[in-house]
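Here is my input; please provide its structure:
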Amino acid sequence: MNKPFQILLVLLIGFNQLVSSQNYPNGARAIGLSNAFVSISDTWSTFHNQASLANLTTISAGVFYESRFNIDELTLAAASAILPVEKGAFGLSFYQFGHGTFKQHKIGLAYSRKLSQKLNAALQLDYFSQRFPENENATGFPTFEIGLTHQTTKHLTLGAHVFNMIENGFETRYGEEKMPAIYRFGGHYQFSKMVLLSAEAQKTTGHQTLIKTGLEFSPAQNLALRFGVSGRPVQYSAGIGYRFQKITSDIAFSYHGSLGFTPSVSIQFEL
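Okay, the predicted model is just below:
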């Protein structure tokens, strides 16, 4: 599919939904699992459920890049850093969506704490800003996220997360552009060291409930294969991850029936 035709398709099926105010998920591992990630702990939990950060015990950081539908104007770049402390962890995250005259930014500062052996809770403060060609200055607004995780059994972990429940948004010349609230609930089951199955339901204000599922298979100690399905509309994803000492790299691809593939890559470092 050539690029002009791709851009035309984006406009026809809802360009406004793709570039309007929203909270973008990050991390190639999560994308490979169709972002069914509300209960899973890793460096990119700063974008999914900050409560799971309390399970991390080492300082880590990561960078992420996604080329949505291979269109330059829809690129997403992000970074995340985790600092474990006694009974919890701090997380710092940042992303930029867009290219050229349109850009949207998010910066977040999270604190996650273990409330008990099985229960974690977290709060993240966010600040969003965006710039359009017709605006000389960027506009912005603050909001927050809260999350919980619960180690229900040895193999089952549940998670719940709420983003922007106050539905704050950008002030524009046409009035306030509200960013929707997002409610997520789900879990993952670790069948063995080789197999992890995750699932979650996501409700975004003004949209139908989205069901997401993911499967991670680790045939070797440092290798992981991932597959995911979400819908409606139905979208598929797949990915692969490899760990070498303290460096982990992940690659993922998601597929939209009309617009094609979206490749993404992330690299994480541990100290």
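
So residue 27 sits against residue 66, correct?
No. Contact criterion CB atoms under 8 Å: residue 27 and residue 66 do not qualify, at 9.7 Å. For every residue, glycine as well, the C-beta is placed using N, CA and C.

Looking at these two, which has the bigger crowd around it?
Between residue 27 and residue 66, counting by other CB atoms under 10 Å, residue 27 is the more crowded of the two (28 against 24).

next one: phi and psi at the spatially closest residue to the more buried one that is not a sequence neighbour?
Here the nearest residue to residue 27 in space, its sequence neighbours aside, is residue 44; by CB to CB, 6 or more residues apart in numbering that works out to 2.9 Å. The main-chain torsion angles of residue 44 are listed as degrees, to the nearest 10 and equal phi -90, psi 10.

and residue 44, how many residues sit next to it?
Each residue near residue 44 was counted by other CB under 10 Å, and the total is 27.

Next: residue 199.
Counted by other CB under 10 Å, the residues lying close to residue 199 total 19.

ok, and the closest non-adjacent residue to it?
residue 213 is the one closest to residue 199 (CB to CB, 6+ apart), at 4.7 Å.

CA atoms of the helix or strand the one you found falls within as PDB?
Under the criterion of DSSP states H and E, residue 213 resides in strand 210-220. Taking C-alpha atoms only, strand 210-220 is exported to PDB below (Å, rounded to 0.1, in the frame of the first residue of the first chain):
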ATOM      1  CA  LEU A 210     -12.500  -3.500  24.500                       C
ATOM      2  CA  ILE A 211     -11.300  -7.100  25.200                       C
ATOM      3  CA  LYS A 212      -7.600  -7.800  24.900                       C
ATOM      4  CA  THR A 213      -5.800 -11.100  25.200                       C
ATOM      5  CA  GLY A 214      -2.100 -12.100  24.900                       C
ATOM      6  CA  LEU A 215       0.100 -15.200  25.100                       C
ATOM      7  CA  GLU A 216       3.800 -15.200  25.900                       C
ATOM      8  CA  PHE A 217       5.800 -18.400  25.200                       C
ATOM      9  CA  SER A 218       9.400 -18.800  26.300                       C
ATOM     10  CA  PRO A 219      11.000 -21.800  24.500                       C
ATOM     11  CA  ALA A 220      14.500 -20.800  25.900                       C
END
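
which residues are in contact with that strand?
32-37, 186, 193-204, 224-232, 237 (CB atoms under 8 Å, 6 or more residues apart in numbering).
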